[in-house]
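A.B. asks: can you look at this prediction? I've put the sequence above it.
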Amino acid sequence: MTGGAGYIGSHTVRALHEAGVPVVVVDSLELGRADAVGPVDLVVGDIADGAVIRQVCEDYQVGAVVHFAAYKNVGESMTDPGKYLRNNLTGTINLLEALTAAGVDEIVFSSSCSVYGTPAIVPVDETAAIAPESVYAQTKATMETLLDWYCRTKGVRSVSLRYFNAAGASADAVIGEDWTYSMNLVPVAIRSLLIGEPAELTVFGDDYPTPDGTCVRDYIHVDDLAAAHLRALSYLAAGGVTTAVNVGTGTGSSVREVLAAIEAVAGRPVPHRIGPRREGDPVSTFADPRRARELLGWEATRDLAEVVGSAYRWHLAQVNEPE
């Protein structure tokens with residue numbers, strides 16, 4: 001598993017380990033935490049280093065790969081596109097070359113609903129037009145295309161899981177989303193509420209054509225998302241063909257609704273202000289999850305209250321942790 005020391009990766013590592021699936025993690029630890037991978041083996045390395053990848057495949061007799069390692073900040077991708085193109089595209093191409101050389105031909109790819117941009121119809125299904133609105137989203141869309149070509153030319157079969165907005169933390173509050181690095185709404189809002197950094201959360205625009213003027217997203221619990229990876233691996237192991245699948249709840253929540261959910265569990269308001277729109281942000285996008293249910297036998301089991309509640313409890317535990 002590449003990027004297995006990161007947020008979604010670590011929850012998926014845990015899910016696989018608990019299911020009895022042998023796992024090895026390759027992570028540069030640039031944005032991940034070694035302790036987040038738990039009792040599984042961790043190889044510190046870069047996905048672009050073919051020698052490392054080939055050695056790991058040989059040493060661990062790797063049969064399938066879950067590929068998380070990527071930069072994912074939409075705003076940063078618009079100001080530093082080269083960083084995203086080098087890592088998310090070139091790095092992944094190097095990874096694929098090393099995997100095919102090692103005979104590994106099953107890949108679950110961490111894609112994104114951002115490949116749809118602002119879809120013409122919501123909920124959005126997998127037949128919708130691919131219309132990325134940020135460099136980050138473009139890297140995900142391009143990698144899906146490249147995986148299709150690796151399927152045609154090298155026999156690599158893949159499932160591109162088009163995540164909607166992952167949030168939340170493990171039920172036991174052992175692992176969660178490190179707000180040191182994250183720019184996602186839920187951890188940033190909770191950080192502002194708990195420790196006043198930032199003193200005020202910036203809501204990027206309240207003049208969108210949505211019911212309350214703020215952007216609408218589909219927030220999926222990270223443990224539900226982790227479970228989807230197990231189903232995707234089983235699908236490939238059973239001979240499944242290359243495909244892309246939405247992974248979301250099917251329910252859209254606005255920024256204001258998310259803030260209200262956080263305030264409900266915390267019992268106090270999230271300090272925030274309204275700022276200008278942010279370049280690269282789609283207006284409204286939430287999933288039609290039928291294909292995931294029909295093809296993978298997967299569906300989300302937790303709602304927004306559970307997502308936000310688990311995140312708040314985890315962050316509160318980190319703040320209250322003794323020095």
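C.D. replies: Perfect, I can see it now. Numbers count the residues shown, from 1 in each chain.

A.B. asks: run through the chain and note the low-pLDDT ranges.
C.D. replies: Filtered on pLDDT under 70, the chain yields the residue ranges 321-323.

A.B. asks: can you give me the strands in it?
C.D. replies: Here the chain has its strands, by DSSP state E, at 24-27, 41-44, 65-67, 106-112, 157-163, 165-167, 201-204, 216-217, 219-221, 243-247, 253-254, 272-275.

A.B. asks: dump those to TSV, plus distance to residue 98 and mean neighbour count.
C.D. replies: For glycine as for every other residue, the C-beta is placed from the backbone atoms N, C-alpha and C. Below are the strands of the chain laid out as TSV (distance: least, C-beta to C-beta, whole Å; neighbours: other C-beta atoms under 10 Å):
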stretch	distance to residue 98	mean neighbour count
strand 24-27	10	25
strand 41-44	13	16
strand 65-67	10	26
strand 106-112	12	25
strand 157-163	15	25
strand 165-167	27	24
strand 201-204	38	18
strand 216-217	34	24
strand 219-221	31	27
strand 243-247	23	23
strand 253-254	39	22
strand 272-275	43	14
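
A.B. asks: can I get the ones you listed in JSON lines with distance to residue 281?
C.D. replies: Listed next are the strands of the chain as JSON lines, based on distance: least, C-beta to C-beta, whole Å:
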{"stretch": "strand 24-27", "distance to residue 281": "28"}
{"stretch": "strand 41-44", "distance to residue 281": "34"}
{"stretch": "strand 65-67", "distance to residue 281": "25"}
{"stretch": "strand 106-112", "distance to residue 281": "13"}
{"stretch": "strand 157-163", "distance to residue 281": "16"}
{"stretch": "strand 165-167", "distance to residue 281": "12"}
{"stretch": "strand 201-204", "distance to residue 281": "6"}
{"stretch": "strand 216-217", "distance to residue 281": "10"}
{"stretch": "strand 219-221", "distance to residue 281": "15"}
{"stretch": "strand 243-247", "distance to residue 281": "19"}
{"stretch": "strand 253-254", "distance to residue 281": "13"}
{"stretch": "strand 272-275", "distance to residue 281": "12"}
